[in-house]
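Asker: Below is the structure, and that's it, no one-letter string:
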């Protein structure tokens with residue numbers, strides 16, 4: 001039997017000789033202990049994955065997520081309570097504001113709409129800020145960041161801001177209001193709505209025309225409602241052989257008993273011009289409701305034509321008269337012989 005030196009046996013059996021390298025097992029164990037003790041170190045996380053200790057890694061991630069969720073529960077509850085309290089306050093103040101605006105007869109509908117929308121935006125921003133504050137968000141830094149972002153957005157949304165400012169200008173200057181009959185760019189219609197960005201006009205064809213507020217400020221706008229009465233001109237003409245006074249006596253009785261006409265302004269019939277083929281005349285009536293303008297014009301144009309025909313007053317139309325004098329080249333022509341002439 002070959003004897004083995006005792007020193008060798010001691011070296012082999014020594015615990016120190018059986019230990020792994022510090023760069024392997026010790027490093028892995030240290031990494032696991034670090035994670036399990038709540039000290040996540042990116043370098044140790046990498047060593048943990050490199051040494052194959054995936055179960056410890058998964059356990060630690062699960063623990064961290066559970067702890068984070070448990071820590072957020074009070075914040076979530078506080079945020080929900082703050083949201084409910086502020087939302088109830090928002091609804092109560094909104095209902096009170098709506099009631100006050102309805103009682104205020106001097107407040108224009110467009111101004112009411114602007115105030116309601118401004119209050120709604122302000123309330124939602126305030127609620128969002130207060131809820132974020134429950135999660136430890138730095139409100140001062142957030143507002144500073146929003147200010148910088150607002151400047152950048154302002155340059156990017158230049159047209160939108162112009163329309164917003166124009167909308168406020170319209171509401172304050174009041175060139176027209178909701179329900180007014182206006183004409184802009186040759187389009188006639190009723191103002192249906194006025195928002196912060198655009199004005200909506202319902203045309204006579206029952207089409208909604210959406211116009212940017214900057215367009216309404218820069219263009220000529222005719223308001224037919226502001227003065228309380230609008231004049232409607234109905235054009236017609238009579239032949240030169242007729243007398244305008246006779247036409248006036250025929251046309252004016254057509255307006256009698258029409259309650260749609262303004263009682264303070266009696267209808268009139270005037271001569272407006274002497275045209276090439278006719279004496280141009282005009283029936284002028286005033287309306288309290290400007291929305292009836294087109295209806296009145298169409299209706300009375302038809303009535304005037306029927307009345308003039310019944311009174312045997314000629315309604316002219318464009319025509320030419322040709323006079324031939326001294327045209328020797330046509331003396332031998334049969335073109336101008338009367339019908340039935342045997343030489344024709």
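Answerer: Yep, it's here. Model, not experiment: these values are computed from the prediction.
Asker: Quickly list the domain ranges of this protein.
Answerer: Taking automatic domain parsing as the domain assignment, the ranges for the chain are 74-156, 175-223, 230-310.
Asker: And the ones you listed: which comes nearest residue 164?
Answerer: Evaluated over the domains of the chain, closeness to residue 164 peaks at domain 175-223, with 5.1 Å, by CB to CB. All C-beta spots, glycine's among them, are computed from the backbone N, C-alpha and C.
Asker: Show the end-to-end separation of that closest one, please.
Answerer: Between the opening and closing residues of domain 175-223 there is a gap of 8 Å (CA to CA, to the nearest Å).
Asker: Equivalent analysis for stretch 186-206, please.
Answerer: Start-to-end, stretch 186-206 (CA to CA) is 16 Å.
Asker: Could you do stretch 277-291 as well?
Answerer: When the termini of stretch 277-291 are compared using CA to CA, they are 34 Å apart.
Asker: One more: stretch 232-247?
Answerer: Looking at stretch 232-247, the gap from its leading to its trailing residue is 19 Å under the measure CA to CA.
Asker: That stretch: which residues count as buried?
Answerer: In terms of neighbour count (16 or more other CB atoms under 10 Å), stretch 232-247 has its buried residues at 232, 234, 236, 237, 238, 242, 247.
Asker: tell me which element residue 84 falls in.
Answerer: In this structure, residue 84 sits in helix 54-103 according to DSSP states H and E.
Asker: Mean confidence (pLDDT) on that helix, please.
Answerer: In this model, helix 54-103 has a mean pLDDT of 78.
Asker: still on that earlier bit, for residue 316, which of the domains of the chain is the nearest?
Answerer: Evaluated with CB to CB, the domains of the chain place domain 230-310 nearest to residue 316, the distance being 4.1 Å.
Asker: can you give me the mean pLDDT across the closest one?
Answerer: The pLDDT scores in domain 230-310 average 93.
Asker: tell me how far the ends of that domain are from each other?
Answerer: Counting by CA to CA, you get 30 Å between the two ends of domain 230-310.
Asker: Give me the subset of the buried residues of stretch 232-247 lying in strands.
Answerer: Restricting the buried residues of stretch 232-247 to those inside strands, with DSSP state E as the criterion, leaves 232, 234, 236, 237, 238.
Asker: Give me the distance between residue 120 and residue 94.
Answerer: Residue 120 sits 7 Å away from residue 94, going by CB to CB, to the nearest Å.
Asker: can you put the domains of the chain in TSV and add distance to residue 316?
Answerer: As requested, these are arranged in TSV below (distance: least, CB to CB, whole Å):
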stretch	distance to residue 316
domain 74-156	48
domain 175-223	29
domain 230-310	4
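Asker: quick one, which of these is nearest to residue 165?
Answerer: With respect to residue 165, and counting by CB to CB, the nearest of these is domain 175-223 at 8.2 Å.
Asker: I'd like the average pLDDT over that closest one.
Answerer: What domain 175-223 shows for mean pLDDT is 89.
Asker: Pull the number of nearby residues for the closest residue to residue 197 other than its chain neighbours.
Answerer: Excluding its sequence neighbours, the residue lying closest to residue 197 (CB to CB, 6 or more residues apart in numbering) is residue 163, at 4.7 Å. When neighbours are defined as other CB atoms under 10 Å, residue 163 has 23 of them.
Asker: Would you indicate which residues of stretch 245-264 are buried?
Answerer: For stretch 245-264, a neighbour-count test (16+ other CB under 10 Å) marks 247, 248, 250, 251, 254, 255, 261, 262 as buried.
Asker: Great, nothing more from me.
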